[in-house]
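[1] Pasted the sequence and its predicted model underneath.
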Amino acid sequence: MTQVPDSHEILTPEPRPPRLMVRVHEAFRQLHYSRRTEESYVHWIRRFIFWSGKRHPETMGEKEVTAFLSHLATHLNVAAATQNQALAALLFLYRHVLGRDLPWFDDLVRAKRPVRLPVVLTHAEVDALLAQLKGVPWLMGGLLYGCGLRLMECLRLRVKDVDFSYRQVLVRDGKGGKDRVTMLPESLVQPLQEQLGEAMRLHRIDLREGFGEVHLPYALSRKYPRAGREWGWQYVFPATKRSVDPADGVIRRHHLDESVLHRWLKQAACDAGLTKPVSAHVLRHSFATHLLQAGYDIRTVQELLGHADVSTTMVYTHVLNRGGRGVNSPLDALAGGRRAVPRAGEPSARYGGGEGLRVRSAGGGTAPRSPAAVPG
């Protein structure tokens, strides 16, 4: 006799596992990764899947990962930092999302990043740059250079984190989730107070029209439901218009977009006639370098910048050396360096008349040098 299964066994469907990208986003939330890191890693995970012909990562392994990284380097000619970021994204995918602890991941050769020196502006160049900015752009540029803030640290600055009494700025949840304290320049106190007055005006308008709530980090909005409308949590540099928060669909007034500050700095550098590339981080580089030039201790500068290791701060000491490594060029010792380049029409400039280009020999005289040995 055939046994009939119970009704609840027939009607209960097998639960479908969540989609891969849903699991990816959930893993980022559980591990408290920053939104920027999440966006970058999701980008590389999608690139990896589409590169493989939309195969599921569960069906791929060391061979496909290695081939993808080689494809980035050989065919797309990406930088070493970009290749390492793609590798970190795939490592996150397999370890924290798929739950596969793959020992061969540790054996993969990471691209060696070349050592780059930071771009640093001189005092005169910073002065010329800031002279092209007015109002809020000038104030934000002053905070970047005068406090050593990163771009997003400046944009996300809240009213409660500006301490006028102690002349300091509290940077909350900076890079690596760390807090730190930096100085508030005296020349920015009055302009910053005026900016807070404008932010207060916009906040009152929002409250009067039934809005006024600002985004709060983590779960503070559930723990303190009315904190989002308090004045202390408002942004110092609010946006001109309200917009919908993509995270929860609530209409809020966010801070200024980062692209706005990028455009301001780029236009100011062009108007000032600067040839060096200028960005928000270049002003941070200049802040650290000028403090070291003024004789401040490198450990103090490290704390102001929020670096975990002093070796990161050491990169700014390169400008403290005169010339290259503090060595004087031998060219400056030749006849006082009065004439470094031959004038047009002279035999040494024409390399003609059998004269050749003469250089000093070891014995103190001059020896002819073939024009072929002179780089063109």
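    That came through fine.
[2] Can you give me the distance of the residue sitting nearest the centre point of the chain to residue 261?
    Nearest to the centroid of the C-alpha atoms of the chain, with distances taken as Cα atoms, centre = their mean, sits residue 281, at 6.6 Å. Using Cβ to Cβ, to the nearest Å, residue 281 is found at 12 Å from residue 261. Heads up, the C-betas are built off the backbone N, CA and C, glycines and all.
[3] and for the two, which residues touch both?
    residue 151 (Cβ atoms under 8 Å, 6 or more residues apart in numbering).
[4] what's the pLDDT at the residue nearest to the centre of the chain?
    The score at residue 281 is 94. That number is its pLDDT.
[5] I'd assumed residue 150 was in contact with it.
    Yes: between residue 281 and residue 150 there is a contact at 7.0 Å, judged by Cβ atoms under 8 Å.
[6] Strands along the stretch 251-376 of the chain, start to end?
    All strands of the stretch 251-376 of the chain, identified by DSSP state E, counting those that start in this stretch, fall at 251-252, 357-360, 366-369.
[7] Outside of the first one itself, which residues are in contact with it?
    It refers to strand 251-252. Under Cβ under 8 Å, 6+ apart, the answer for strand 251-252 is 211, 213, 214, 215, 228, 242, 243, 244, 245.
[8] residues in contact with the first one?
    Going back to what we said before, that points to residue 211. Residue 211 touches 242, 251, 252, 253, counting by Cβ under 8 Å, 6+ apart.
[9] pLDDT, distance to residue 194 and neighbour count added to those, as a markdown table?
    Formatted as a markdown table, the contacts of residue 211 follow (pLDDT from 0 to 100; distance: Cβ to Cβ, whole Å; neighbours: other Cβ atoms under 10 Å):
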| residue | pLDDT | distance to residue 194 | neighbour count |
| --- | --- | --- | --- |
| 242 | 93 | 22 | 17 |
| 251 | 91 | 27 | 12 |
| 252 | 92 | 24 | 18 |
| 253 | 93 | 19 | 22 |
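[10] would you list those residues in CSV and tack on distance to residue 68?
    CSV is the format used below for the contacts of residue 211 (distance: Cβ to Cβ, whole Å):
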residue, distance to residue 68
242, 42
251, 41
252, 39
253, 42
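[11] and of these, the nearest to residue 329?
    residue 253 (56.3 Å; Cβ to Cβ).
[12] Any regions of the protein where pLDDT drops low?
    Along the chain, the model assigns pLDDT under 70 to residues 1-17, 104-111, 319-327, 335-376.
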